[in-house]
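Asker: Quick one: sequence plus predicted model below, questions after.
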Amino acid sequence: MPAVSKGDGMRGLAVFISDIRNCKSKEAEIKRINKELANIRSKFKGDKALDGYSKKKYVCKLLFIFLLGHDIDFGHMEAVNLLSSNKYTEKQIGYLFISVLVNSNSELIRLINNAIKNDLSSRNPTFMCLALHCIANVGSREMAEAFAGEIPRILVAGDTMDSVKQSAALCLLRLYKTSPDLVLMGEWTSRVVHLLNDQHMGVVTAAISLITCLSQKNPDEFKTCVSLAVSRLSRIVSSASTDLQDYTYYFVPAPWLSCKLLRLLQCYPPPEDGAVKGRLVECLETILNKAQEPPKSKKVQHSNAKNAILFEAISLIIHYDSEPNLLVRACNQLGQFLQHRETNLRYLALESMCTLASSEFSHEAVKTHIETVINALKTERDVSVRQRAADLLYAMCDRSNAKQIVAEMLSYLETADYSIREEMVLKVAILAEKYAVDYSWYVDTILNLIRIAGDYVSEEVWYRVIQIVINRDDVQGYAAKTVFEALQAPACHENMVKVGGYILGEFGNLIAGDPRSSPLVQFNLLHSKFHLCSVPTRALLLSAYIKFINLFPETKSTIQEVLRSDSQIRNSDVELQQRAVEYLKLSSIASTDVLATVLEEMPPFPERESSILAKLKKKKGPGAVSVNELEEGKREGGELNGGGERGGDNSAIAASNASTPSPSADLLGLRTGLPVSAAPPTAGSLLVDVFSEAGVNDDGFLRDLEPPTESSDSLLAEGPGDSDSTPPPPPSVVSEEPAPPLPESDELLNKFVCKNNGVLFENQLLQIGIKSEYRQNLGRMYLFYGNKTSVQFVTFTTTVTCPGELQSHLNVQAKPVEPLIEGGAQVQQVINIESLTDFFEAPLLNIKFRYGGALQNLTLKLPVTINKFFQPTEMASHDFFQRWKQLSQPQQEAQKIFKANHGMDTEVLKAKLLGLGMALLENVDPNPENFVCAGVIQSKAQQVGSLLRLEPNAQAQSGEQMYRLTVRSSKDTVSKRLCELLAEQF
């Protein structure tokens, strides 16, 4: 920056500022300002031309007056004139005034743009930086339209100074955030990415912010940045603090750049290149090792820098979720922070461990810190840290520790902050039902929950107790006895009265044999709470009373007397009055048989999805730890508690546990739960619900794997729909039907027959990227949903279904996706796949979201084809043709002769055949121009061996290039399907 001369001190400005500060009142200040404004206006309008110094001084005064909160309606042209000055200080003041006072609708914007263009083309680095700073500060769409094409050229030009490159990168980032549709990298993409290799660390730091933002929008275009980022990170991590002296912060080399590199890598899945992945793993191990080293300084800045890199590295390890050793190490190092004296570190450690708890590799390691987390929940002073501790307990909960964790959370609820009580109640309710093996424990837990935090127990929670009790004969008597005892407390919450009224109305007869809980005692106990309750609860109690008349005829006269009282049949509330009149008439004129039919016990509820999970997800704000980890099937064998008959039978539980595959045996993290073809579970899942406000399945893959049944043992069912027994449930929200598959779905699917990665679908709003991997009969697919607009996608939901018979051929588990996608952002969804037997159709992916209020509804075919489960098989020439002859039956062979759709490039053909999944056998066919392949299709039920022979004919008689494709398999349907798929590829 040029030196400032003595004349640039602007004494007049200093005197004016001093006068303003010395004013004794607001009136005096306004008077002095008005006097100065009049003087400046006369100077600008005077006949005498002002020199650059005077203009600069007066423009500075105007800027100071504006910053004091006064409107400025003149002087803009003089500021624009300063832009043409060759003096740095005058040009600087001009740009400063414009950045602060000129809006994008100003008539002067064209003049300003011309001045900026002149400075950008001047090749004077100081002037170029001033111009770039002004563009970034204003950041208007007009600026983007004028300069979005010019700035990338400055950024990648070989003769651009390093300081200008830094400003250009950050300026382009600002324009991209405000007008992403105008900033098109195109031909500059690769050159911008290669700025990661720049020798100047400042340029790299600025460029990586730009590349990270661009990668989130267009990951495929910038995927080459992964290897460069790993290389740069490796050089930083392995360097000593003296190697990067100018960029070392308290003995930590380039901490900001390291964090940005790690954040960039989180935009992508693990590198496919083994060397790059190995180098990255080495970097992460080095970061973890360095974090364990004794500090080189006692300054807080040193530990902050080290910890910033460590936490970002752990975030990357969690994002990849593929390195068991690193995940466990990360968990152990986070555990050391749980008792750190610094509150922020404890908070970050708890937050990161919440995510680690959802990984099958690190879940057990997280559980070892349960006592420390429980202690944090009890003793932490900061409420936000206590909330993260509660989140972590929720995430680490499984069958082995459920009772301990639920007990601790209930204990904490008694003193918990009011702001988090409702969320805590939902979590306790979910954990209690998810891991309940003993139903009496579940009933005790929920009633205790109502006792401790009744005001925060939503309707969904007490509905659940009723559903479970009605669906389980073995718990009905215990529930009636327990709720009867709970109602005897002097202070009884209204939700407890609701549960008590419903359960005693249905099952009070099971405890009526005890004189202490005789029918009349039960009625008097319930009626003693009547006058304290709200209208909906009173309506429920009236329904319970009429049920009592059916269960206990001896109470008929007492209850009729209550119903006949003026407080009921003349009640000001029409609902209560109607119920009282109708129930009184029903009890008077109906025969015993009619009464028994009308008031018979509620039937078991059919299964539906959980609304408690949906409610908890609504409670969690954006960026909070996801509540879906427990439903992701990464642990507990993907089987919800209740997948089989449940009760107190320990042998049945042991058998269930024994059948669950161990994490080490589960190579792809897929948990299959119950096979579709198996008998449906009789107990069903405790995490299904009928009181869901919409027909959306919160854990959709479980719905596909375990179709709901209406067996008498079904745990949860249609909500208490009888208006005589319970207040009406919330109205259902009718959801739009999934759209039919797009016309181009088959074409999009065919693109992925011989490849696993790429862009599955793209329109003007949404881009869907895909990355998949398969091993034996298991597969894992990553879907990347990118919002191409600057507007949020809200209520974003995806549903994967297997149409028709495909349900019995393929297991598909889709993990939940975030319901909100910010403009320009991207979210990831993981889909686990298991091939049960050979199949021919593809699963359907339905995507719904709202963009600008309009519903977007589209359905695609997921590129899951039978060849994805090929296991390559190497064979010698003799073995191949021997096996070929063995598969000679007509139904085992499928053959197709077809015209080439593409040029006959040998290397391309080889790449496609390898992408098919079979082994390409060299020097086997006598004709060297032919291609032969061998493989075995793996499924859970069987293995199907397949042989392939592709014969190109470049000089066919028709003059066109032709192929003859022959496929032989041990199963005829497989041969036909493979032949159909492959004919579209060549």
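Answerer: Cool, got the structure. Numbering: from 1, shown residues only.
Asker: okay, now the domains of the protein?
Answerer: 476-609, 744-864, 867-984 (the TED database).
Asker: rank these by pLDDT, which is bottom?
Answerer: Looking at the domains of the chain, the lowest mean pLDDT belongs to domain 867-984 (a mean of 84).
Asker: What is the end-to-end distance of that domain?
Answerer: 14 Å (C-alpha to C-alpha, to the nearest Å).
Asker: Run the chain-centre distance for it.
Answerer: 41 Å (C-alpha atoms, centre = their mean, to the nearest Å).
Asker: which residues of the stretch 101-250 of the chain score low on pLDDT?
Answerer: The model of the stretch 101-250 of the chain has pLDDT under 70 over residues 104-106, 241-243.
Asker: what about residue 830, which helix or strand?
Answerer: Applying DSSP states H and E as the criterion places residue 830 in strand 826-835.
Asker: circling back: determine which of the domains of the chain approaches residue 394 most closely.
Answerer: domain 744-864 (15.6 Å; C-beta to C-beta). (C-beta placed from N, C-alpha, C; glycine too.)
Asker: And that closest one, how far out from the chain middle?
Answerer: Mean-position distance between domain 744-864 and its chain equals 14 Å (C-alpha atoms, centre = their mean).
Asker: And stretch 88-105, by the same measure?
Answerer: Worked out by C-alpha atoms, centre = their mean, stretch 88-105 lies 42 Å from the chain centre.
Asker: what sits up against that stretch?
Answerer: With contacts defined as C-beta atoms under 8 Å, 6 or more residues apart in numbering, stretch 88-105 is touched by 1-2, 4, 8, 52-53, 55-56, 59-60, 62-63, 66-67, 72, 75-76, 79-83, 85, 108-109, 112, 119, 126-127, 130-131, 133-134, 137-138, 140-143.
Asker: Quick one: the helices in the stretch 451-600 of the chain, in order.
Answerer: With DSSP state H, counting those that start in this stretch, the ranges of helices along the stretch 451-600 of the chain come out as 459-471, 473-487, 494-507, 519-527, 535-551, 556-564, 566-569, 574-589, 592-598.
Asker: what about those helices, which gets the closest to residue 829?
Answerer: Of all the helices of the stretch 451-600 of the chain, helix 459-471 sits nearest to residue 829, with 26.0 Å by C-beta to C-beta.
Asker: tell me the angle the closest one makes with helix 494-507.
Answerer: 20 degrees (axes from the mean of the first three to the mean of the last three C-alpha atoms, to 10 degrees).
Asker: and helix 459-471, average pLDDT?
Answerer: Mean predicted lDDT for helix 459-471 stands at 85.
Asker: Give me the angle between that helix and helix 535-551.
Answerer: Counting by the same axes, to 10 degrees, helix 459-471 lies at 10 degrees to helix 535-551.
Asker: Now do helix 459-471: which elements does it pack against?
Answerer: helix 418-434, helix 439-453, helix 473-487, helix 494-507, helix 611-619 (3 or more C-beta pairs under 8 Å, 6 or more residues apart in numbering; DSSP states H and E).
Asker: Tell me the helix or strand right after the host helix or strand of residue 772.
Answerer: Under the criterion of DSSP H and E, residue 772 resides in strand 766-775. From strand 766-775 onward toward the C-terminus, using DSSP H and E, the following helix or strand is strand 778-787.
Asker: which parts of stretch 83-101 are buried?
Answerer: 83, 85, 87-99, 101 (16 or more other C-beta atoms under 10 Å).
Asker: same question, stretch 59-73
Answerer: 59, 60, 61, 62, 63, 64, 65, 72.
Asker: For residue 254, give me phi and psi.
Answerer: The phi and psi values for residue 254, taken as degrees, to the nearest 10, are phi 40, psi 60.
Asker: Give me the neighbour count for it.
Answerer: 27 (other C-beta atoms under 10 Å).
Asker: Identify the spatial nearest neighbour of it, chain neighbours not counted.
Answerer: Of all residues not flanking residue 254 in the chain, residue 247 sits nearest, at 4.5 Å (C-beta to C-beta, 6 or more residues apart in numbering).
Asker: Quick check: the one you found touching residue 200?
Answerer: No. Using C-beta atoms under 8 Å, residue 247 is not in contact with residue 200, being 9.9 Å away.
Asker: Those two: who's more crowded?
Answerer: Comparing residue 247 with residue 200 by other C-beta under 10 Å, the one with more neighbours is residue 247, at 20 against 17.
Asker: Which parts of the stretch 751-900 of the chain are strands?
Answerer: Counting by DSSP state E, counting those that start in this stretch, the stretch 751-900 of the chain has these strands, from start to end: 757-762, 766-775, 778-787, 793-801, 810-814, 826-835, 844-851, 854-861, 870-872, 893-899.
Asker: tell me which residues of the third one are tucked away?
Answerer: Put plainly, it is strand 778-787. So, applying 16+ other C-beta under 10 Å, buried residues of strand 778-787: 778, 779, 780, 781, 783, 784, 785, 786, 787.
Asker: quick one, what contacts residue 313?
Answerer: Taking C-beta under 8 Å, 6+ apart, one finds 262, 284, 287, 288, 330 in contact with residue 313.
Asker: So which of those are in helices?
Answerer: The helices, defined by DSSP state H, take in 262, 284, 287, 288, 330 from the contacts of residue 313.
Asker: For ChimeraX, write a command that selects the buried ones of those residues.
Answerer: This is how ChimeraX selects the buried members of the ones in helices among the contacts of residue 313, with burial counted by 16+ other C-beta under 10 Å:
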select :262,284,287,288,330
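Asker: Next, format the ones in helices among the contacts of residue 313 as JSON lines and append pLDDT.
Answerer: JSON lines is the format used below for the ones in helices among the contacts of residue 313 (pLDDT from 0 to 100):
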{"residue": "262", "pLDDT": "93"}
{"residue": "284", "pLDDT": "93"}
{"residue": "287", "pLDDT": "91"}
{"residue": "288", "pLDDT": "91"}
{"residue": "330", "pLDDT": "91"}
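Asker: ok, the ones in helices among the contacts of residue 313 vs residue 302, which is closest?
Answerer: residue 287 (15.2 Å).
Asker: residues of the helix or strand harbouring residue 333 that come out buried?
Answerer: Per DSSP H and E, residue 333 falls inside helix 324-337. Going by neighbour count (16+ other C-beta under 10 Å), the buried part of helix 324-337 is 326, 327, 328, 329, 330, 331, 332, 333, 334, 335, 337.
Asker: Which one of those residues is nearest to residue 743?
Answerer: residue 327 (43.4 Å).
Asker: With adjacent residues omitted, what lies nearest to that closest one?
Answerer: Counting by C-beta to C-beta, 6+ apart, the residue nearest residue 327 is residue 362, at 4.0 Å.
Asker: Can you name the residues that contact that neighbour?
Answerer: With C-beta under 8 Å, 6+ apart, residue 362 has these contacts: 324, 327, 328, 330, 331, 356.
Asker: gap between it and residue 325?
Answerer: 10 Å (C-beta to C-beta, to the nearest Å).
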